[in-house]
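[1] need a structure here:
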Amino acid sequence: MPITRQRAIAATCGLVAVTVGVALVSPSAVAADGRAHATVKDRNGQTLGEIGLRETAAGVLLRIKLKGLPPGPHGIHVHEAGMCEGDFTSAGPIFNPLGAKHGFHNDEGPMAGDLPNLYVAADGTAQVELLNQFLTVSKDGDDALIDADGAAIVIHALADDYLSEPDGGAGEAIACGVIVAGK
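    I've put the predicted structure just below:
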């Protein structure tokens, strides 16, 4: 039985260990060893934590460890540009090299940068590992996160509904991180 994009996504979602977390991405030199990291900051420039990214045979494993976020579910996406300035719209749209539609519930989705909602505990912490099989850190090509303009991970104020264009109705960006090679 062939693996469809939807079945691959369901398998990926099944590997998500939800505890609580967030991440961000940006431009840099190619990560020869398939490792990268992002320091996530809020709109006031306060550091909320780190997200490690590691290339695996199954995709990119994101290890998220954050604190100081509002409790509850938050949309989290990888965005096209490695910039986290002002209100974080500088990060551009959600990373989508294949031109898919937004969301896990969309028959024509998801976009490569779509991630499962991040659940933040009552104490404002989030620690989780997420696997995304549609991303690459170190490979050349349109789907590589570390390229000329980089990439960023953006955390939103609200939960992603996994369907609405362009970002699942997740609201304004509240945190962002630029991905850099190494670590």
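
[2] show the average pLDDT along stretch 159-179.
    Averaged over stretch 159-179, pLDDT sits at 96.

[3] what comes up buried for that stretch?
    Residues of stretch 159-179 classed as buried: 159-162, 167-170, 173-179 (neighbour count, 16 or more other C-beta atoms under 10 Å). Yep, even glycine has a C-beta here, placed from its N, CA and C like the rest.

[4] what about residue 130, distance to residue 169?
    Separation of residue 130 from residue 169 (C-beta to C-beta, to the nearest Å) stands at 20 Å.

[5] I'd say residue 64 and residue 125 touch.
    No: the criterion here is C-beta atoms under 8 Å, and residue 64 misses it with residue 125 at 10.4 Å.

[6] the two: who's more crowded?
    residue 64 (28 against 18; other C-beta atoms under 10 Å).

[7] element containing the more buried one, please.
    Using DSSP states H and E, residue 64 sits within strand 59-66.

[8] what's the following helix or strand after that strand?
    Immediately after strand 59-66, counting by DSSP H and E, sits strand 72-74.

[9] neighbouring strands for that next one, and are they parallel or not?
    According to DSSP bridges, strand 72-74 forms sheet pairs with strand 118-120 (antiparallel).

[10] what number of residues lie near residue 56?
    The burial count for residue 56: 11, using other C-beta under 10 Å.

[11] just to revisit the earlier point, from the buried residues of stretch 159-179, which ones fall inside strands?
    Among the buried residues of stretch 159-179, the ones falling in strands (DSSP state E) are 173, 174, 175, 176, 177, 178, 179.

[12] farthest pair in those?
    Farthest pair in these (C-beta to C-beta) is 174 and 179. Separation: 18.2 Å.

[13] helices and strands around the helix or strand hosting residue 131, which ones?
    Here residue 131 sits within strand 126-132, counting by DSSP H and E. Contact here means 3 or more C-beta pairs under 8 Å, 6 or more residues apart in numbering; DSSP states H and E; on that basis strand 126-132 packs against strand 59-66, strand 118-120.
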